[in-house]
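for reference, the sequence and a predicted model appear below.
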Amino acid sequence: MSDRFAVLPQYVLPKRALTAVAGKFASARLGGLTTAVIRRFVARYSVNMAEAANPDIASYACFNDFFTRALKPGARPLASADLICPVDGAISQFGPIAKDQIFQAKGHSYSTTALVGGDAAAAARFDNGYFATLYLSPRDYHRIHMPCAGELTRMVHVPGDLFSVNPTTARGVPGLFARNERVVCFFESAQGPFVLVLVGATIVGSMATVWHGQVNPPRSGTLRQWDYAPGQVRLEKGAEMGRFLLGSTVVMLFPQGGLQFNPQWAPAKPILLGEAMAQIASS
């Protein structure tokens, strides 16, 4: 079956309604039912609870508490690299940006302008730069951390579709990451500007950041933007910056320059928070 054919049902599924229902269930405190669902989820996806700060499945009051569980201190040591991997998951794609085009999958690319919500001037800072797209599966740790120290300048909530973001959908839906709902975070760092995008998906109940809290819902259908004064939000390398309530994808943009990705990286390779992502050669 072709990927395009495999994703056809997603075009007609009531994705927004399914997501709303999933969000309500995930936040509900249902006692033994919640525990049973979490236990089944752990078994189905082989979740490693031994590395969780709280490994007791029965202690989680709702599914969201379990899904956004913290890790034990020291579970993800930070590599000595200019840029570290911000999540657990798998590499979807990474590499150079071709002028303003980001490679999604064979036959599919999308523009940096579309990804960041239509701001061509902001996107132009990353022309011929670099990108990394990282997929978080249901079994993964779902907090997102900083690839380097940075100061937040702007956050944009971009309304959009809620397609799945698994590899099959990435191959089958054109412009997937620039058409799904997303939260776009603009940072300045010692290495230059970078963008970190949290991409929503089917049954992703919400996305949250540490400085704002829950960003969505609401889902107003209009673009929302927040600007931040210098020094208002500064986060160190490896610090938590946000989280997904149910799984999704992170896309990062970096400017043109001497960025060199980890030579061990390859599409579909499993990755862990804190491992070396890239070095930036001094000019």
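Perfect, I can see it now.

only C-alpha atoms for contact and neighbour calcs from this point on.
OK.

quick one: strands adjacent to the helix or strand hosting Arg243?
Arg243 is part of strand 240-245, with elements assigned from DSSP states H and E. According to DSSP bridges, strand 240-245 forms sheet pairs with strand 143-145 (antiparallel), strand 206-209 (antiparallel).

could I get these in TSV, plus columns for mean neighbour count, distance to Asp82 and mean pLDDT?
Shown next, in TSV, are those (neighbours: other CA atoms under 10 Å; distance: least, CA to CA, whole Å; pLDDT from 0 to 100):
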stretch	mean neighbour count	distance to Asp82	mean pLDDT
strand 143-145	23	14	97
strand 206-209	21	23	88
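
turn these into JSON lines, columns for distance to Tyr45.
Compiled in JSON lines, these are given as follows (distance: least, CA to CA, whole Å):
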{"stretch": "strand 143-145", "distance to Tyr45": "17"}
{"stretch": "strand 206-209", "distance to Tyr45": "21"}
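
residues in contact with the closest residue to Gln101 other than its chain neighbours?
In this structure, Gln101 finds its nearest non-sequential neighbour in Ser111, 4.6 Å apart by CA to CA, 6 or more residues apart in numbering. Counting by CA atoms under 8 Å, 6 or more residues apart in numbering, Ser111 touches 100-102, 178.

and if you look at Asn54?
Counting by CA under 8 Å, 6+ apart, Asn54 has contacts 69-72.

low-scoring stretches of the stretch 101-250 of the chain, by residue?
Low-confidence segments of the stretch 101-250 of the chain (pLDDT under 70): 162-164, 202-205, 218, 246-247.

tell me where it has strands.
101-105, 108-111, 130-135, 143-145, 150-158, 182-189, 192-199, 206-209, 213-216, 224-227, 234-235, 240-245, 249-254 (DSSP state E, counting those that start in this stretch).

bridging residues for the nearest residue in space to Val197 that is not next to it in sequence?
Among residues not flanking Val197 along the chain, Val184 sits closest, at 4.5 Å (CA to CA, 6+ apart). Here Val184 sits in beta bridges with Val156, Val197, going by DSSP bridges.

what about Val184, how many residues nearby?
For Val184, the tally of surrounding residues (other CA atoms under 10 Å) stands at 23.

now do the contacts for it.
By CA under 8 Å, 6+ apart, the neighbours of Val184 are 116-117, 155-158, 195-198.

ok, it to Gln225 distance?
Here the criterion is CA to CA, to the nearest Å. By it, Val184 lies 9 Å from Gln225.

between these two, which contacts overlap?
155-157.

Pro230 against Phe187, yeah?
No - taking contacts as CA atoms under 8 Å, Pro230 lies outside contact range of Phe187: 10.8 Å.

the more surrounded of those two?
Phe187 (20 against 11).

report the contact partners of the more buried one.
With CA under 8 Å, 6+ apart, Phe187 has these contacts: 150-154, 193-196.

likewise for Thr222?
158-159.

change it to 7 Å
Applying CA atoms under 7 Å, 6 or more residues apart in numbering to Thr222 gives the contacts Pro159.

now do Ala276 against Ser80, distance only.
7 Å.

which residues does stretch 55-74 contact?
Under CA under 7 Å, 6+ apart, the answer for stretch 55-74 is 26-29, 31, 34-35, 38-39, 49, 51-53, 142-143, 243, 245-246.
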